[in-house]
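S.K.: One predicted model, sequence on top.
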Amino acid sequence: MLHTSTSTYRYQAVEKQITDMIESGALGLGDKLPSLRRMRRDLGLSISTVHQAYVELERKGVIESRPRSGFFVRRRATRLPRTEPHPSAMTAPRPVTRLGLIQTVLESVGREDAVPLAVIEPGADLLPLTELSKITAAMVRDNPRRALGYSPIPGNADLIRQIAFRSMEYGVPVAPDDPVITVGCMEALYLCLRATCHRGDTVLIQSPTYYCFLQLLETLGLRAVEIPSNPEGGVSPGDLDRALRTYDISACALSPNFNNPDASLTPDEAKQEIVAMLAARDIPLVEDDVSTDLHYTQKRPGTYKQFDQKGLVLLCSSFSKTIAPGYRVGWTLPGRFRQKVLEIKATTNVSTSTPAQMAIAEYLRQGRMERHLKRLRAALEQQMDTMQLHLEQCFPPTTRVTHPCGGVVLWLELDPQVDSVELFFRAGEQGIAIAPGAIFSTGDKFSNYIRLSCGEPMTERIRRGLADLGAMASEMAG
């Protein structure tokens, strides 16, 4: 019979081996664990020692037992408590002044020497590299004159049709020639804001919101009114109604599905109510739809555009978060503002990259997109779950985190003593790239929050980075 200390060491060794298999991806969410007899045979231990390890893992929420079936990796591993809704009220119109800090954060884009926790981008192994490379080469080889020339200002006709067809499949009211192709979603947002607003106008946004969007508002000289975004329910129609009654709003800019950074999801019923509320006042709504395809649920969430009957919703999206970040191909469904969007596009960059548009159009035509998205969503969900497991192990117990059902980001609420900007610079000195909460609002409401990306598969480098980041947060929290 083993002594207590030896027995404890042995079952913990089994526990660590199983945890390492989950973290490395050798065991995925929902996978069955090796049987007790097999582990006993492979490790040369008693069944009781192996069983003790499995029971401990089940107690921690890492695995679950199923009668007459064995042990399985839980679909959701043990996680830190949920982030609470921030007690922030509606803000009065104010200029956006975050440009300097945002530019510093953006310096991590494209860097290969930093631990990639800041930029929202699927890992290269999750992208259809081989398929898209072959299609791109074939497009350029077979149609060199067309591939090296300018595309029409609205975009490649084949790609426009493919986007329109996909939109109609999701219940979006759109004609086959309505989409306008853009250089990523950021240009789509830029074109739509310029088409609906003038310098000095007030735009209603949710808080927190994507920092590049705040940068865009600042560049265009627009003021912002913020209403709360709840990680569990997105934007409240009641909050929107109060803002509309209080301030002179020229346009709204909202991200209803897996908002960056809090990954909030606004229910479809609320979306319909919000669209009707704005339509009654003839106020345009710019919709950031870049993450809707990255849902982990069976049903794809609806969009504001689906409920648009007056052409007031300008939907903006891209392929950067799904198949080709570097191709920089996005689009907008600008409704009644299409002609104005085209006028601004013509004087901005004339057209989007022709070879990239041709390749993506052919990729969609061949029916590859949905199969790829199914694999991508499963991988991202597993990566997010693995990240949650590490956060629970590495960060102080006072830490809270969102529990998203889609998207690529986690929104962490740290101890109130932790200044996220200071943590950002400390982490940067250690080669760890994160996004501090301060850049996701026009005010100082999220000074102890950070956003982490789950786009990359878990590696030893990322594990060390999370451990170091958690240690810094613990030290700063005292």
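M.R.: The structure has been received and is ready for your questions. Computed from a prediction, not measured in an experiment: that's the story for all the values here. Residues are numbered from 1 along each chain as shown.

S.K.: Now for the chain: which helix has the highest residue count?
M.R.: Longest helix in the chain, counting residues (DSSP state H): helix 369-394.

S.K.: Identify each buried residue in that helix, please.
M.R.: By 16 or more other CB atoms under 10 Å, the buried positions in helix 369-394 come out as 369, 372-373, 376-377, 379-394. (Glycine included, C-beta is placed from N, CA and C.)

S.K.: Give me the mean pLDDT for that helix.
M.R.: For helix 369-394, the mean pLDDT works out to 90.

S.K.: Packing partners of it?
M.R.: helix 4-24, strand 409-413, helix 460-476 (3 or more CB pairs under 8 Å, 6 or more residues apart in numbering; DSSP states H and E).

S.K.: so of the ones you listed, which one's packed in deepest?
M.R.: Among those, the stretch with the highest mean neighbour count (mean count of other CB atoms under 10 Å) is strand 409-413, at a mean of 25.

S.K.: Now do the following helix or strand past that strand: distance to the chain's middle.
M.R.: Later in the chain than strand 409-413, the nearest helix or strand by DSSP states H and E is helix 420-429. Centroid separation for helix 420-429 versus its chain: 22 Å, with CA atoms, centre = their mean, to the nearest Å.

S.K.: in helix 420-429, what's buried?
M.R.: 420-421, 423-424, 426-428.

S.K.: Show me what that helix is packed up against.
M.R.: Looks like helix 420-429 contacts strand 435-436, strand 449-453, helix 460-476 (3+ CB pairs under 8 Å, 6+ apart).

S.K.: Let's see that helix as PDB, backbone CA atoms only.
M.R.: Taking C-alpha atoms only, helix 420-429 is exported to PDB below (Å, rounded to 0.1, in the frame of the first residue of the first chain):
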ATOM      1  CA  SER A 420      -4.800  48.100 -17.200                       C
ATOM      2  CA  VAL A 421      -2.600  50.700 -19.000                       C
ATOM      3  CA  GLU A 422       0.300  50.100 -16.600                       C
ATOM      4  CA  LEU A 423      -0.300  46.300 -16.900                       C
ATOM      5  CA  PHE A 424      -0.200  46.800 -20.700                       C
ATOM      6  CA  PHE A 425       3.200  48.500 -20.600                       C
ATOM      7  CA  ARG A 426       4.600  46.000 -18.100                       C
ATOM      8  CA  ALA A 427       3.400  43.100 -20.200                       C
ATOM      9  CA  GLY A 428       4.900  44.700 -23.300                       C
ATOM     10  CA  GLU A 429       8.300  44.800 -21.700                       C
END
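
S.K.: quick one, that helix and helix 460-476 angle?
M.R.: Using axes from the mean of the first three to the mean of the last three CA atoms, to 10 degrees, the direction of helix 420-429 lies 140 degrees away from that of helix 460-476.

S.K.: So which residues make contact with the very next helix or strand once past helix 420-429?
M.R.: Next along the chain after helix 420-429, taking DSSP H and E as the criterion, comes strand 432-433. Strand 432-433 has contacts (CB atoms under 8 Å, 6 or more residues apart in numbering) with 108, 111, 114-119, 427, 465, 468-469.

S.K.: Just name the closest of those to Pro284, please.
M.R.: Val119 (29.8 Å; CB to CB).

S.K.: who touches Phe319 in this structure?
M.R.: Contact analysis of Phe319 by CB under 8 Å, 6+ apart lists 327, 329-330, 360.

S.K.: one more time with 10 Å, if that's ok
M.R.: By CB atoms under 10 Å, 6 or more residues apart in numbering, Phe319 lies in contact with 132, 159, 163, 184-185, 290, 293, 325, 327-331, 356, 360, 363-364, 369.

S.K.: With Arg371 instead?
M.R.: Pro128.

S.K.: Taking strand 449-453 as reference, get the angle to the longest helix of the chain.
M.R.: Using the same axes, to 10 degrees: helix 369-394 against strand 449-453 is 130 degrees.

S.K.: Mind checking what helix or strand follows helix 369-394 in sequence?
M.R.: strand 400-401.

S.K.: Can you work out which other helices and strands pack against that next one?
M.R.: Of the remaining helices and strands, those touching strand 400-401 by 3 or more CB pairs under 10 Å, 6 or more residues apart in numbering; DSSP states H and E are helix 369-394, strand 409-413, strand 449-453.

S.K.: Quickly name whichever of the buried residues of helix 420-429 is closest to Ala138.
M.R.: The closest of those to Ala138 turns out to be Gly428 (CB to CB; 41.8 Å).

S.K.: was I right about that closest one contacting Ala114?
M.R.: Yes - assessed by CB atoms under 10 Å, Gly428 is found in contact with Ala114 at 7.8 Å.

S.K.: before we move on, the earlier item: put together CSV for the helices and strands packed on helix 420-429, with distance to Gly100 on each row.
M.R.: Compiled in CSV, these are given as follows (distance: least, CB to CB, whole Å):
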stretch, distance to Gly100
strand 435-436, 13
strand 449-453, 18
helix 460-476, 23
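
S.K.: could the ones you listed go into JSON lines alongside mean pLDDT and distance to Met21?
M.R.: As requested, these are arranged in JSON lines below (pLDDT from 0 to 100; distance: least, CB to CB, whole Å):
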{"stretch": "strand 435-436", "mean pLDDT": "93", "distance to Met21": "30"}
{"stretch": "strand 449-453", "mean pLDDT": "96", "distance to Met21": "23"}
{"stretch": "helix 460-476", "mean pLDDT": "94", "distance to Met21": "14"}
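
S.K.: Can you say which of the ones you listed is nearest to Arg145?
M.R.: strand 449-453 (39.9 Å).
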